[in-house]
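# model this:
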Amino acid sequence: MRTISLVLILTSGVLADQRNMNNKLTPVPATQVKFKDAFWAPRLETNRNVTIWHDLRMCEETGRVENFDKAAGKTKGEFKGLVFDDSDVYKTIEAASLSLAIHPDPALEAYLDRLIARIAAAQQPDGYLNTYYTVKEPGKRWTNIKDMHEMYCAGHLFEAAVAHHRATGKRNLLDIATKVADHIDSVFGPAPGKKQEPCGHEEIELALVKLSEATGEQRYLNLAKFFIDVRGRSETHKLFGPYHQDHMPLVDQREPVGHAVRAMYFFCAATDLAAKAQQTQYVEPLDALWTRMVERKMYLTGGVGSRHSGEAFGDDYELPNGSAYNETCASIGNALWNHRMNLLHGDAKYFDVVERVLYNGFLSGISLNGDRFFYVNPLASRGKHHRVEWFGCACCPPNVARLFPQIPGMVYATSAGGDAVYVNLYAASEAVVEVGGQKVKLQQETKYTWDGKVKLSVDPEKAGEFAVKLRIPEWCKKVTGVGSAKAQAGYVEVRRAWKSGDSIEFKLDMPIERVKADSKVKADVGRVALVRGPVVYCAEAVDNGGRVFNLALPGDSKLASEHRADLLGGVTVIKGKALAKGREGEPVAAVDFTAIPYYAWDHRAPGEMTVWLNEP
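Sure, this is the predicted structure:
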């Protein structure tokens, strides 16, 4: 293990204000991109009209909001719920704020103002804000940093405050957040007399980066770096262990271990610091952690964290199907981390993961009607795993709600030099980007994800030269319409002197692919999965005679895709012939076989489901 002076790490870590100096790409904000497609646009509307209001109502009905009234002394009673329930309120506020930024909604904004006033009343004179400790154990704050999620809750408050301020221009929540941050900064840090230990559940680190950006306060960026660097330092505190990623310093970590959501948030924060504060010492371990995870610990759906025990990563290639954990929050964290890695490195391979997560591991976590959720996302089921309206530990529903309005902000990015626009996701949409020293209107016409044809219209304010870089997904083996250009780092560059009326038309070939897992994945030996474009498919009993575990898919079975506008909100299904093993004494027979997108399972009659099909 590499030895580094603790004094150097923790006291010489004051960061110069050089944000974004290391990022190769800058994202085009969600406020500048408007979906007009049949896939994402309706889902964003469902999120705005159903999911966010559902989550707010559940926060009210389960006592999460009333805990703030109790902490403010407005009502009497015991604290209700889990120690980290404040965070669900904050995440839902963030979701609502991100939605307001792309779609004004006076009723929603007014509701948030009333809710924020209740939160403000619960804040203590010194800036401390945590309803569990204020109501239940006021004398024990900051005494169990490992388990009690005080900084985790604060981090989600910071993210909510930044989103709310950016969406509305108001400071009512931001002022609450900065008081909390100032209080935490007075308690934790490298200075003598301050506590030197990290939070047991990472989140505050990435949130402090956002808060620093929103306020211009350098202390918050310094504090984020402190919390990253103090992790794994036995000189400062009794280590929490691998479950908390507190077994060794980040600079020495090369294998993702422990609680998957915590790891994703930790890696997000470190990537932010590497990009925005030139902490280049984080880049090598982050690259190694990414490679180890993607090649050995990630499911076909983009899910991570295979073990129910500890909601944790398993060993290399430990990827069971029926017992897969794959927490929805972990998939969301995976998408957020890979988005950051793409911005840092400018390599499309990270967006291949983002796309895989968005269409599969993330989207399976919510029902089509927007008010039922999966916490756990297995790749096989006997028919007893179903979405529900809420959870006692309800981290996933508001996490889903806050990712949807961020997706438009993942479509485009611009180069650090400002002379190229990167197209990362394909969806019928309109956008305005700054590239080549001017504003350029971009319009995508496509039926993606069911069809790989894309027309991208490029309309600059005035004629000028710049590059458009098109991501060629890793699943696409053939692309037509972009000449003989070869992909570099996953992008094909189209550079020219652009003028109004110009466009690019191309087609990403989208055949049905049979995928086999690495032979080291014991659960998938002798099995095959079906993928078309970015979408992973599964077989459900309701489409296949009431059973699917008895099916085998021959290698020579002809498969065809068919779009069904009347099914599951409009999906492309895969059809073909499979072999069905009969019940005891019955012969094997050829039967009609249908597969649907994995994200859409469990919306009809309950029954068996599997992603990985037997081979004969």
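
# Which parts of the protein belong to which domain?
The chain breaks down by automatic domain parsing into domains covering 413-508, 512-614.

# Would you format the ones you listed as CSV with mean pLDDT and mean neighbour count included?
Placement of C-beta: from N, CA and C, glycine included. Shown next, in CSV, are those (pLDDT from 0 to 100; neighbours: other Cβ atoms under 10 Å):
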stretch, mean pLDDT, mean neighbour count
domain 413-508, 96, 18
domain 512-614, 95, 17
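
# R340: which of those is closest?
Nearest to R340, of all the domains of the chain, is domain 413-508, at 11.4 Å by Cβ to Cβ.

# Endpoint to endpoint, that closest one covers what distance?
20 Å (Cα to Cα, to the nearest Å).

# ditto for stretch 275-289
By Cα to Cα, the extent of stretch 275-289 from end to end equals 17 Å.

# which parts of it are buried?
Neighbour counts over stretch 275-289 (16 or more other Cβ atoms under 10 Å) mark A275, K276, A277, Q279, Q281, Y282, V283, P285, L286, L289 as buried.

# How much space separates the first one from E213?
Separation of A275 from E213 (Cβ to Cβ, to the nearest Å) stands at 12 Å.

# Near H345, how many other residues are there?
Counted with other Cβ atoms under 10 Å, the neighbours of H345 add up to 21.

# ok, now A110?
10.

# by contact count, what packs against the helix or strand containing it?
Following DSSP states H and E, the helix or strand that holds A110 is helix 106-122. Under the contact criterion of 3 or more Cβ pairs under 8 Å, 6 or more residues apart in numbering; DSSP states H and E, helix 106-122 touches helix 52-61, helix 66-71, helix 86-102, helix 150-168, helix 172-187.

# who's in contact with the shortest one?
For helix 66-71, contacts defined as Cβ atoms under 8 Å, 6 or more residues apart in numbering pick out 60, 75-81, 85-86, 89, 118-119, 121-122, 131-132, 134-135.

# ok now do the residue nearest to V440 when sequence neighbours are not counted, which residues does it touch?
Leaving aside its sequence neighbours, V440 sits nearest to P460 (Cβ to Cβ, 6 or more residues apart in numbering; 4.6 Å). With contact set as Cβ under 8 Å, 6+ apart, P460 has these partners: G436, Q438, K439, V440, K441, F466, W498, K499, S500.

# helix/strand/coil for the fifth one?
State at K441, reduced to three classes by DSSP: H, G, I helix; E, B strand; the rest coil: strand.

# ok now do it, which residues does it touch?
K441 neighbours (Cβ under 8 Å, 6+ apart): E430, A431, V432, S457, V458, D459, P460.

# Could you do the first one as well?
Each residue near G436 by Cβ under 8 Å, 6+ apart is listed here: G418, D419, P460, G464, E465, F466, W498.

# R495 reaches A467, doesn't it?
Yes: here R495 reaches A467: they are 4.1 Å apart, a contact under Cβ atoms under 8 Å.

# Could you say which helix or strand holds the closest residue to Q32 other than its chain neighbours?
Using Cβ to Cβ, 6+ apart and skipping the chain neighbours, the partner closest in space to Q32 is V432 (5.1 Å). In the assignment (DSSP H and E), V432 maps to strand 429-435.
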